[in-house]
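A.B. asks: Below: sequence and its predicted model.
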Amino acid sequence: MKAQSTYPLRLPRSIKAEVARRAKEDGISINQFVATAVAEKLAVMNTATFFAERRNRADFKAFDRIMRRKGGEPPVPDDTIS
């Protein structure tokens, strides 16, 4: 079993009511709904951090050289922008 902790969460009544409604629609508890929402938010934030770090390591001069190089085949008709 995973270690768990409790956290007393205060929500405005309107938000709690909406959470309760959505959780009921999904057939889950309010606790499960909130835990999933927090996990999703963390995933978004971690993804943004990952791409920001990748951007900071990018070599844009090398990218431009690659994009300007000669060779390859022209796009087929279905690949063109119209």
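C.D. replies: Happy to help now that I have it.
A.B. asks: So what does L11 look like in phi/psi?
C.D. replies: L11 adopts backbone torsions of phi -120, psi 150, taken as degrees, to the nearest 10.
A.B. asks: One more: P75?
C.D. replies: For P75, the backbone dihedrals are phi -60, psi 150 (criterion: degrees, to the nearest 10).
A.B. asks: Please tell me how far it sits from D64.
C.D. replies: Distance of P75 to D64, computed by Cβ to Cβ, to the nearest Å: 20 Å. For glycine as for every other residue, the C-beta is placed from the backbone atoms N, C-alpha and C.
A.B. asks: same question, P77
C.D. replies: Counting by Cβ to Cβ, the gap from P77 to D64 is 27 Å.
A.B. asks: Compare these two (neighbour count), which wins?
C.D. replies: For P77 versus D64, the count of surrounding residues by other Cβ atoms under 10 Å is larger for D64: 10 against 7.
A.B. asks: could you give the mean pLDDT of the helix or strand harbouring the more buried one?
C.D. replies: Here D64 sits within helix 60-68, counting by DSSP states H and E. What helix 60-68 shows for mean pLDDT is 91.
A.B. asks: who does that helix touch, helix- and strand-wise?
C.D. replies: Using 3 or more Cβ pairs under 8 Å, 6 or more residues apart in numbering; DSSP states H and E as the contact definition, helix 60-68 packs against no other helix or strand.
A.B. asks: who's in contact with that helix?
C.D. replies: The set of residues external to helix 60-68 that reach it, using Cβ atoms under 8 Å, 6 or more residues apart in numbering, is empty.
A.B. asks: if you count residues, which helix in the chain comes out on top?
C.D. replies: For the chain, the helix reaching the highest residue count under DSSP state H is reported as helix 30-57.
A.B. asks: And it, how far out from the chain middle?
C.D. replies: Per Cα atoms, centre = their mean, to the nearest Å, the displacement of helix 30-57 from the mean C-alpha position of its chain is 6 Å.
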